[in-house]
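Engineer: Quick one: sequence and predicted model below, then my questions.
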Amino acid sequence: MSIIVKNITKIYSKQKALDNVSFQINAGEVVGLLGPNGAGKSTIMKIITCFIPPTSGEVTVYGFDIFEQSLNVRKAVGYLPENNPLYPDLYAIEYLEFVAGIYKLENKRKRIAEMIELTGLETEQNKKIGELSKGFRQRVGLAQALIHDPDVLILDEPTSGLDPNQLLEIRNLIKEIGKQKTVMLSTHIMQEVEAVCDRAIIIDKGRIVADDSTKNLAGKSINIQVIKVEFSKPVKKELLLSIKGIKKVKNISGNHWEIQAGTRKDVRSDIFEFAVKNDLAVLSMQKSEQSLEDIFRQLTKG
């Protein structure tokens, strides 16, 4: 296993930020850590990277314990915090030289050149960091996180504040990096996880509420299905609510309705039967597929 988190709890004063959290990440996985603001995502990442200790529990990274072998953990991990800590008055290449010196890398020039090429900083390397766009500053942050060739890359909200073009570029870069390294990234943007990650861990109020592949999570109905149907004639809302399993109905326009059912049973046959009994023809019916965003809302709405 690349990362093993076992029964982690973190308490700040009287606030329990993490409550008995456990998960494992295999080598080579790209895992998204999802959750609303304040759910505990950044706290988990800070614990794994040895920035803060847990109140209780255990964490190992490639077999190294965060308490007993923290230096080995730090060598094995590349970390890009949410607030990318850069020196605005340094040139991009100068900053990477500084970071390479901290890690005491051999053949620094070669490694810096590799990072500049990988992160697409060729045209911006001789500019001051303070003069770079947010997208290029994120690239510099990724370059410093990767420069010591870590086995694990931890990214906290890596695309926050980027425009659509910058966002796509950083996503593609993360996907490319994920072919060679274990990547864990936190976000509350569902499209990010669907585009980049193999697996998603959803956390809410300090507890894990779901952990599965993105494909499997998107396929889970969580006992909710949404069906759009158009009848040939007007129908009363109260009659639709009388169908077994129907929890909510909404008139879209005219005789076109959106029906929400709180059951795993496919209610389309019941809607057809309802239409026949009430002398209605069904002009169209479509069952909406649940997105990862729908699942996220259902699991974290409180």
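Structural biologist: Sure thing, it's come through.
Engineer: Please report phi then psi for the most centrally placed residue in the chain.
Structural biologist: Here the mean C-alpha position of the chain is nearest to the C-alpha of Gly32 (CA atoms, centre = their mean), at a distance of 3.6 Å. Main-chain torsions, Gly32, degrees, to the nearest 10: phi -100, psi 130.
Engineer: That one reaches Ile203, doesn't it?
Structural biologist: No: between Gly32 and Ile203 there is no contact under CB atoms under 8 Å: 10.8 Å. Quick note: C-beta positions are derived from backbone N, CA and C, even for glycine.
Engineer: pLDDT weak spots in the stretch 151-300 of the chain?
Structural biologist: 218-223, 264, 289-291 (pLDDT under 70).
Engineer: Would you map the strands across it?
Structural biologist: 152-156, 182-187, 199-204, 207-213, 225-231, 246-253, 256-261, 282-288 (DSSP state E, counting those that start in this stretch).
Engineer: Please save the CA atoms from the third one in CSV.
Structural biologist: C-alpha atoms of strand 199-204 as CSV (Å, rounded to 0.1, in the frame of the first residue of the first chain):
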residue,chain,number,x,y,z
ARG,A,199,-11.5,6.7,-7.2
ALA,A,200,-13.3,9.1,-4.8
ILE,A,201,-13.4,9.3,-1.1
ILE,A,202,-16.3,11.5,0.1
ILE,A,203,-15.9,13.1,3.6
ASP,A,204,-18.5,15.0,5.5
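Engineer: okay, the angle between that strand and strand 182-187?
Structural biologist: Strand 199-204 runs at 40 degrees relative to strand 182-187, counting by axes from the mean of the first three to the mean of the last three CA atoms, to 10 degrees.
Engineer: Starting from strand 199-204, tell me which strands it pairs with and how they run.
Structural biologist: strand 30-34 (parallel), strand 207-213 (antiparallel) (DSSP bridges).
Engineer: and the angle from the shortest one to strand 152-156?
Structural biologist: In other words, strand 30-34. Computed by the same axes, to 10 degrees, the angle between strand 30-34 and strand 152-156 is 30 degrees.
Engineer: Can you identify the element that follows strand 30-34 toward the C-terminus?
Structural biologist: Once strand 30-34 ends, the next helix or strand along the chain (criterion: DSSP states H and E) is helix 41-48.
Engineer: May I have that following helix exported as PDB, CA atoms only?
Structural biologist: Extracted in PDB, the C-alpha atoms of helix 41-48 (Å, rounded to 0.1, in the frame of the first residue of the first chain):
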ATOM      1  CA  LYS A  41     -10.000  17.400   3.600                       C
ATOM      2  CA  SER A  42      -7.100  19.700   4.300                       C
ATOM      3  CA  THR A  43      -6.700  18.300   7.800                       C
ATOM      4  CA  ILE A  44      -6.200  14.800   6.400                       C
ATOM      5  CA  MET A  45      -3.600  16.000   3.900                       C
ATOM      6  CA  LYS A  46      -1.700  18.000   6.600                       C
ATOM      7  CA  ILE A  47      -1.600  14.900   8.700                       C
ATOM      8  CA  ILE A  48      -0.300  12.600   5.900                       C
END
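Engineer: can you map out the helices along this protein?
Structural biologist: Listed in chain order, the helices of the chain (DSSP state H) span 41-48, 70-76, 92-102, 108-118, 134-146, 164-177, 190-196, 214-219, 237-241, 268-277, 292-300.
Engineer: just checking, what packs against the shortest one?
Structural biologist: I take that to be helix 237-241. Here helix 237-241 touches strand 246-253, going by 3 or more CB pairs under 8 Å, 6 or more residues apart in numbering; DSSP states H and E.
Engineer: okay, the strands paired with strand 199-204, which one's buried deepest?
Structural biologist: strand 30-34 (a mean of 26; mean count of other CB atoms under 10 Å).
Engineer: What are the contacting residues of that strand?
Structural biologist: 25, 41, 44-45, 174-175, 178, 182-188, 190, 192-193, 196-203, 214, 296 (CB atoms under 8 Å, 6 or more residues apart in numbering).
Engineer: Give me the angle between that strand and helix 164-177.
Structural biologist: 130 degrees.
Engineer: Could you tell me the angle between strand 30-34 and helix 41-48?
Structural biologist: 130 degrees.
Engineer: Of all the strands of the stretch 151-300 of the chain, which one is nearest Glu94?
Structural biologist: Among those, the nearest to Glu94 by CB to CB is strand 152-156 (23.1 Å).
Engineer: How about Ile296, nearest residue that isn't a chain neighbour?
Structural biologist: One thing to correct before we go on: residue 296 is Phe, not Ile. Met190 (5.8 Å; CB to CB, 6 or more residues apart in numbering).
Engineer: Fine by me, thanks again.
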